[in-house]
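> my questions are about this predicted structure, shown below with the sequence.
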Amino acid sequence: MIGRDIYNGLIRHIESEIQAGRRHAALDEKLVAEFLALKVDSPAPQAGPGAKPARPAPPPTVVSAPASATPARALAPATAPAPAAADFATLDDIATAIAQCRACALCNSRTRTVPGTGNRVAPEVMFVGEGPGEDEDARGEPFVGAAGQLLTKMIAAMGYEREEVFIANIVKCRPPKNRVPEPSEIEACMPWLERQIALIRPKCLVALGATAFKGLTGDMKASITKVRGVWHKHGDIPLMPSFHPAYLLRYAPAKKSAWEDLKKVLEFLGKSPPPPSKSKT
Ligand code: URA
Ligand code: SF4
């Protein structure tokens with residue numbers, strides 16, 4: 001009998017090795033046989049996004065990848081089965097599964113999960129932040145605190161209502177004391193966002209801050225100051241990185257650059273900002 005935590009930890013380790021690009025490993029056949037013979041204790045916990053909902057004990061070489069994976073995230077050999085997140089057909093199903101997700105330690109401190117809100121049908125823009133803060137954790141909605149109010153103004157400055165765009169985060173549970181999510185937490189949560197993006201099909205993505213950019217590109221060393229204002233890609237979807245509104249609240253001079261970034265988004269969409277009176281942030 002093997003503990004579920006140990007079993008899941010091992011599976012996660014194998015998945016992260018594959019995500020890091022490792023394709024081969026020397027395996028002791030006897031050990032593999034022993035592993036395959038192990039029984040996992042039950043009941044099984046709720047599935048995480050990278051695990052099949054009722055995952056039978058698979059051999060350790062079975063690894064899944066998000067259907068919408070960018071090349072950097074192409075985790076799996078072509079023959080690997082679809083991951084759990086990809087099995088969810090609607091955003092409501094994903095939100096329900098996120099509410100039960102225990103794939104990383106952030107589940108322990110959350111009050112509510114925050115899957116995302118807004119226009120679910122091919123919005124022109126999908127904004128991606130870092131993770132819920134205190135207000136978002138309390139309400140289960142993204143960007144409703146101080147940074148959220150600024151984001152709402154930025155969206156209005158572009159000429160949109162909040163409901164016309166989609167707003168989500170890299171991690172769906174609040175990190176304790178609003179700390180930056182750990183790379184392992186980002187990795188654990190990304191399949192949810194990948195699936196959301198695949199279903200929503202936004203015309204473009206705006207990554208708000210370094211964590212969003214890192215999660216969406218897999219470039220974990222990126223500096224937002226260096227990458228902002230330049231078009232990138234998430235799979236086949238154009239991705240504009242910009243500053244996080246919480247940073248803009250702390251450092252107002254950066255608002256000018258953020259507005260330049262958002263104007264590039266409008267330009268890409270063939271739009272102009274509304275008259276200045278409406279576009280003041
Ligand atoms: N900051 C974020 O990154 N996301 C939110 O939802 C709120 C604040
Ligand atoms: Fe699951 Fe994401 Fe919450 Fe971690 S942060 S428990 S992966 S929903």
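Structure received. Ligands and ions are numbered 1, 2, ... in the order given.
> burial measure for the residue in the chain positioned nearest to ligand 1, as a count.
As assessed by Cβ to the nearest ligand atom, ligand 1 sits closest to Gly129 within the chain, at 2.9 Å. Any C-beta I mention is one placed from the backbone N, CA and C, and that applies to glycine too. By the criterion of other Cβ atoms under 10 Å, Gly129 has 28 neighbours.
> quick check: phi and psi on it?
phi -100, psi -160 (degrees, to the nearest 10).
> for His232, same thing?
Reported as degrees, to the nearest 10, the phi and psi values for His232 are phi -120, psi -170.
> find the residue closest to Ala138 in space, skipping its chain neighbours.
Take Ala138 and drop its neighbours on the chain: the residue closest to it by Cβ to Cβ, 6 or more residues apart in numbering is Thr111, 5.9 Å away.
> hang on, that neighbour is in a helix, isn't it?
No. Thr111: not assigned to a helix; according to DSSP: H, G, I helix; E, B strand; the rest coil it is coil.
> what is the neighbour count of Lys256?
Lys256 has 10 nearby residues by other Cβ under 10 Å.
> and it, what element?
Using DSSP states H and E, Lys256 falls within helix 255-268.
> residues in contact with that helix?
125, 154, 157-159, 204, 206, 228-229, 231, 238, 240-243, 248, 272-273, 281 (Cβ atoms under 8 Å, 6 or more residues apart in numbering).
> out of the residues you listed, which sit inside strands?
Applying DSSP state E to those, the entries found in strands are Val125, Cys204, Val206, Pro238, Met240, Pro241, Ser242.
> surely the second one and Leu239 touch.
What that stands for is Cys204. Yes. Counting by Cβ atoms under 8 Å, Leu239 is a contact partner of Cys204 at 7.0 Å.
> more neighbours: the two, which one.
A count of neighbours by other Cβ under 10 Å puts Leu239 above the other of Cys204 and Leu239, at 23 against 19.
> related to what we said a few turns ago, in contact with the residue of the chain closest to ligand 1, which residues?
Gly129 neighbours (Cβ under 8 Å, 6+ apart): Pro142, Phe143, Ala147, Leu151, Ile167, Ala168, Asn169, Ile170, Leu208, Gly209, Ala212, His244.
> adding distance to ligand 1 and pLDDT, write these out as CSV.
Below are the contacts of Gly129 laid out as CSV (distance: Cβ to the nearest ligand atom, whole Å; pLDDT from 0 to 100):
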residue, distance to ligand 1, pLDDT
Pro142, 4, 98
Phe143, 4, 98
Ala147, 5, 98
Leu151, 8, 98
Ile167, 7, 99
Ala168, 8, 98
Asn169, 5, 98
Ile170, 8, 98
Leu208, 6, 99
Gly209, 7, 98
Ala212, 7, 98
His244, 6, 98
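> so which of the residues you listed comes closest to Pro181?
Looking at the contacts of Gly129 and their distance to Pro181, the nearest is Ile170, at 6.5 Å (Cβ to Cβ).
> okay, now the closest one: neighbour count?
Neighbours around Ile170, by other Cβ under 10 Å: 24.
> buried only: go through the ones in strands among the contacts of helix 255-268 for me.
Val125, Cys204, Val206, Pro238, Met240, Pro241, Ser242 (16 or more other Cβ atoms under 10 Å).
> nearest to Ala95 among the residues you listed?
Using Cβ to Cβ, these come closest to Ala95 at Val125, 20.4 Å.
> in terms of contact, does the closest one touch Glu161 like I think?
No. Using Cβ under 8 Å, Val125 makes no contact with Glu161, being 11.7 Å away.
> this completes my enquiry, with thanks.
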